[in-house]
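Enquirer: Provided below are the primary sequence and the corresponding predicted coordinates.
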Amino acid sequence: MRKATGTVVLGYGVTGKSVVQHLRAQGIDPQVLDTRPRPNSPEGLGDVEVHWRVQKWPTELLAAAQQVIVSPGLPLHHPLVQQAKDAHIPIYSDIDLFMAKVGMPVIGVTGTNGKSTVVSLVGHLLQASELECVVGGNLGVPALQLLDTPADIYVLELSSFQLAHSAHLALASAGVLNITDDHRDWHGDFESYRRAKERIYVNADYCVGCLSTDCDVDVTVDVSAPGVNRWGVAYHEEALWLFCDDTPLIATSDLPLAGRHNVENCLWALALVEPWIEPRHAAQLLVGFQGLPHRFESLSGPTGIRCINDSKATNVGATLAALEGFARDGTLILIAGGDSKHADLAPLGEVMRDRAQLLVTLGQDAAALNEAASASGVLWRQVATMEEAVSTAFEHAKAGDTVLLSPACASLDMYANFAARGDHFKELVSQHAKAVHVAVSS
């Protein structure tokens, strides 16, 4: 039998529901506050008591509250969170509840870009080495639901939102892949965003990429010569190889993922699992990994034209990483645009110079991208829809060119999410490829 307690859950989305389910399994019956209107369909609500359209705590509930679990959708400055702080009520995240119960080693990964790929690579390496592991958090399954699956080790993708709400996590291995300008709308400024990301290192046993002497183990990762960093890339047998210290591990040409940024992602994964898997063995286990959709995903386009779906590039840093893997040979046609989340798009201009023969822009902040392109002498065309964008790209593309969707912006001004945007792009590319094939055949 559950009992009413002073536990309150803020937010009843995917994470909030996992929190309520977890608490009720322990006999704790929390109350829930949500800023949104009650959904038309009651599916999934059951007998959970949810206060909808709440912008201010009910007085009696605030006075009785003993702890608050905050969903990642609510920023630190949100009135509901701030009122709990002002009332000196302890605030926790779903990750705090997970860490309190898990009882096994946990690898945590965060970063502006690449974290889903790295987390998936880490999971692949651990499973391939015959360690039972489960992967989730910000990627896929909410952390608390992972507890239903016994494992030797757990791997969490952690967002800056989750870390900002969490206490200091006792992770077995932790890494901040990169920090570039993003989520100012949630954190308020870049410095707050950076601090949230770096919280992952506090209390971690093995810190990858951390430059702080507070870490028990401090490992650096970069696509540069080993010797400058423990993990890097250098020439060996007349080819580029991944190295750990002075040990060659695997040729970059044998990696399962394309793109310079994915070379670094592979290095991160190898470094994060080093406490469990010897580097040379881990490198061999990379082979066979299947990349994630919408992350520099190769598509089957018209013959002779390379097509790439990088719809998950929802910020400037992700698109910069994608572009830097291309030669400055003018064979690239870039499709970009959407909601920039107030980020500075100007840095894209210099990186597009001599790489992009054409920038096709669309969405809410297309004009800012056009300005960045013009400043670097890059030709641009603004369109209204993805259909027009793909048609324009293929009108200019010739054999040997690459058509790349890497938006540098969020998708919510035009699509439900980045996956819907990427799926639409893939569908349009497929249609163009079929049309070209029919035209050639006839």
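Expert: Sure, I can see it.
Enquirer: In contact with residue 326, which residues?
Expert: By CB atoms under 8 Å, 6 or more residues apart in numbering, the contact list for residue 326 reads 332, 355, 402. Backbone N, C-alpha and C define where each C-beta goes, glycine included.
Enquirer: need the contact list for residue 51.
Expert: Counted by CB under 8 Å, 6+ apart, residue 51 has contacts 31, 32, 33, 34, 58, 61.
Enquirer: Narrow the residues you listed to those that are buried.
Expert: If you count burial by 16 or more other CB atoms under 10 Å, the buried members of the contacts of residue 51 come out as 31, 32, 33, 34.
Enquirer: Pull the most distant pair out of those.
Expert: The span of the buried ones among the contacts of residue 51, defined through CB to CB, is set by 31 and 34 at 10.8 Å.
Enquirer: coming back round to it: could you redo the contacts of residue 51 as CSV and give each row distance to residue 135 and pLDDT?
Expert: Output for the contacts of residue 51, formatted as CSV (distance: CB to CB, whole Å; pLDDT from 0 to 100):
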residue, distance to residue 135, pLDDT
31, 31, 94
32, 27, 95
33, 30, 96
34, 28, 95
58, 38, 94
61, 36, 94
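Enquirer: Including distance to residue 367 and secondary structure, could the residues you listed go into a markdown table?
Expert: Formatted as a markdown table, those follow (distance: CB to CB, whole Å; DSSP: H, G, I helix; E, B strand; the rest coil):
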| residue | distance to residue 367 | secondary structure |
| --- | --- | --- |
| 31 | 46 | strand |
| 32 | 41 | strand |
| 33 | 39 | strand |
| 34 | 36 | coil |
| 58 | 44 | coil |
| 61 | 46 | helix |
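Enquirer: Adding distance to residue 366 as columns, could you present those in TSV?
Expert: As requested, these are exported to TSV (distance: CB to CB, whole Å):
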residue	distance to residue 366
31	44
32	39
33	38
34	34
58	44
61	45
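Enquirer: ok, residue 133 touching residue 126?
Expert: Yes. When contacts are counted by CB atoms under 8 Å, residue 133 is listed as touching residue 126 (4.1 Å).
Enquirer: nearest to residue 177, of the contacts of residue 326?
Expert: Ranked by distance to residue 177 (CB to CB), those are led by residue 355 at 23.3 Å.
Enquirer: related to what we said a few turns ago, which of the contacts of residue 326 fall within strands?
Expert: The strands, defined by DSSP state E, take in 332, 402 from the contacts of residue 326.
Enquirer: Tell me which helix or strand residue 358 sits in.
Expert: Using DSSP states H and E, residue 358 sits within strand 356-361.
Enquirer: any chance of the contacts of residue 326 in JSON lines, with neighbour count too?
Expert: Output for the contacts of residue 326, formatted as JSON lines (neighbours: other CB atoms under 10 Å):
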{"residue": "332", "neighbour count": "25"}
{"residue": "355", "neighbour count": "21"}
{"residue": "402", "neighbour count": "18"}
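Enquirer: Kindly present the contacts of residue 326 as TSV, with separate columns for pLDDT and distance to residue 48.
Expert: Shown next, in TSV, are the contacts of residue 326 (pLDDT from 0 to 100; distance: CB to CB, whole Å):
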residue	pLDDT	distance to residue 48
332	97	50
355	96	52
402	97	49
